[in-house]
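show me the folded form of this:
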Amino acid sequence: MRSVRFVTYGCKANQYDTQVLREALVRRGLAEQDREADLVVVNTCTVTAEAGRKARQLIRRIGRETPQARIAVTGCLAESEPEVLRTLPGVDWVLGNGEAKRPVNFLRELGHEVDPEELGIPAGVTEFAGHTRAFLKIQDGCDMACAFCIIPKVRGASRSRPAEELEAEVARLVRSGHVEVVLCGIHIGHWGLDLGSSLADLVRRLAHLEVRGEDGELLPFRVRLSSIEATEVDDALLEVMAARPERIAPHLHMPMQSGSDAVLARMNRWYDRATYLEACHRIRARLDRPAFTADVLVGFPGEGEAEFAETLAAVHEAGFARLHVFPFSPRPGTAAESMHDRPAPEAVRERRAALSEAADAVAQDYAARLEGARDTVVLEGFVGLSGRYQRVRVEPDALEGLPRAVEVTLHREGDGPGFLGLHPRPVA
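A predicted model of the protein is given here:
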């Protein structure tokens, strides 16, 4: 095999896992290409039924359109339904997660001999080519048991990567030109529990990490937290974020799932509506106009009109900058699979539309509060992402000679979701 193509479904952790495998295969001399590759690696997701359906559909299409290609399927779907995937045309390997997905074992499964020096290659990745932002997976697995979630079954218990290893990887990524590093995982709020540490300890270390280029000059970079539970944003973490806003983005993605206590209890979530909203108020009191984003499930068993109305009200009170709305889909092997009293499909569609409309309204309200604020924008082309998770355009003429991270004044462009970044200047 001389060429490889990668296809990735799912979360940031999956995107990171793909990059680990990409670097392992490129080191072995395989060239990456989009079409007619000898090997196609499909990294799958199984968090929803739709994610699994799309992956199976793509694998069948690859087998039909490029029958000469050999297919390796990995990821969460490969863990949850390996026997089904093995029957698909063209599939030679179904590797799942865990040990099979480690670069050394992955290479061996694909028939490569592994040289002794390859065993000493530093863990992690060196770059995300073509991107200004890089993902850094700090832990894997989850110890919780949400009724709707299959991920603990396919990812296993929470396992943290050592802080020293993560610091070294951040330094490599920054030296490769990345100016934002997104900390991701399956349950990042549990990082460090198995190491006698905490997420606040890791973020504090990264907030004070100095990375220097070849000329000895300090290289600026920003760290962003990906999905974290609202109950795990503690005072220690907020202290670090408040002290170093230029290093730690004031943005928290905190899954809410529902604003109804009854539904949250059926979901086996460990907080109620009041606890979630109190966390939002507490964080706002410590940080300057932080951005909250969240996931909400619509149509969970037992969700009636009253429960949905509670969720709508909670969305307005939380004041999200962006909301991801998902319809409930039962996953085999979860507690929710056997639950009754599921809302009718037409009711789910109507609620999803109503929630998306409410999300747009609160996002507009949040954006209005940012008019005139100074923020750091990480650019890809002429459009970038601010620390508060807003899309910002910068005029090409203003960027001449400037780096990929600039400080701007935010100015709203009409009634749309984006901003124009005025008076850009380099980030110190």
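
pLDDT score for Cys11?
Looking at Cys11, its pLDDT stands at 92.

surely it is in contact with Cys45?
Yes: using C-beta atoms under 8 Å, Cys11 is in contact with Cys45, at 7.0 Å. In this view, the C-beta of every residue, glycine as well, is placed from N, C-alpha and C.

which other helices and strands does the helix or strand of the chain with the lowest mean pLDDT contact?
One helix or strand of the chain scores below all others by mean pLDDT, DSSP states H and E: helix 103-109, with a mean of 86. Applying 3 or more C-beta pairs under 8 Å, 6 or more residues apart in numbering; DSSP states H and E, one finds that helix 103-109 contacts helix 12-27, strand 91-96.

got JSON lines for these, with distance to Ala236 and mean neighbour count too?
JSON lines is the format used below for these (distance: least, C-beta to C-beta, whole Å; neighbours: other C-beta atoms under 10 Å):
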{"stretch": "helix 12-27", "distance to Ala236": "24", "mean neighbour count": "20"}
{"stretch": "strand 91-96", "distance to Ala236": "36", "mean neighbour count": "20"}
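
nearest to Gly416, out of these?
Each of these has some distance to Gly416 by C-beta to C-beta; the shortest is helix 12-27, at 25.9 Å.

what's the next secondary structure element after the closest one?
Next helix or strand after helix 12-27 toward the C-terminus (DSSP states H and E): strand 31-32.

hmm, who's touching that next one?
With contacts defined as C-beta atoms under 8 Å, 6 or more residues apart in numbering, strand 31-32 is touched by Arg2, Ser3, Val4, Arg5, Phe6, Arg22, Val26.

most neighbours among those, which one is it?
Val4 (23 neighbours; other C-beta atoms under 10 Å).

can I assume that residue sits in a helix?
No: judged by DSSP: H, G, I helix; E, B strand; the rest coil, Val4 forms no part of a helix; its state is strand.

I'd guessed it sits against Leu30; true?
Yes: counting by C-beta under 8 Å, Val4 does reach Leu30; the two are 4.5 Å apart.

identify the contacts common to the two.
Asp38, Leu39.

mind checking which of the helices and strands packed on helix 103-109 is nearest Glu395?
The nearest among those, by C-beta to C-beta, is helix 12-27 at 30.2 Å.

for that closest one, give me every contacting residue.
Counting by C-beta under 8 Å, 6+ apart, residues outside helix 12-27 touching it are 4, 6, 8, 32, 39, 41, 43, 45, 74-76, 101, 103, 106-107, 118, 121, 124-126, 128, 135-137, 140, 182, 184-186, 226.

please convert the buried members of those residues into ChimeraX selection syntax.
To isolate the buried ones among the contacts of helix 12-27 in ChimeraX, judged by 16 or more other C-beta atoms under 10 Å, type:
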select :4,6,8,39,41,43,45,74,75,76,101,103,106,107,124,125,128,135,136,137,140,182,184,185,186,226
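
just to revisit the earlier point, quick one: closest of the helices and strands packed on helix 103-109 to Ala171.
So among those, helix 12-27 is nearest, using C-beta to C-beta, at 16.4 Å.

which residues sit in contact with the nearest residue to Gly387 once chain neighbours are set aside?
What sits nearest to Gly387 in space, not counting adjacent residues and going by C-beta to C-beta, 6 or more residues apart in numbering, is Ala249, at 4.1 Å. Neighbour list for Ala249: Glu180, Arg222, Val223, Arg224, Leu225, Gly387, Arg388, Tyr389 [criterion: C-beta under 8 Å, 6+ apart].

tell me which of those fall in strands.
In strands, judged by DSSP state E, the following of those are found: Glu180, Arg222, Val223, Arg224, Leu225.
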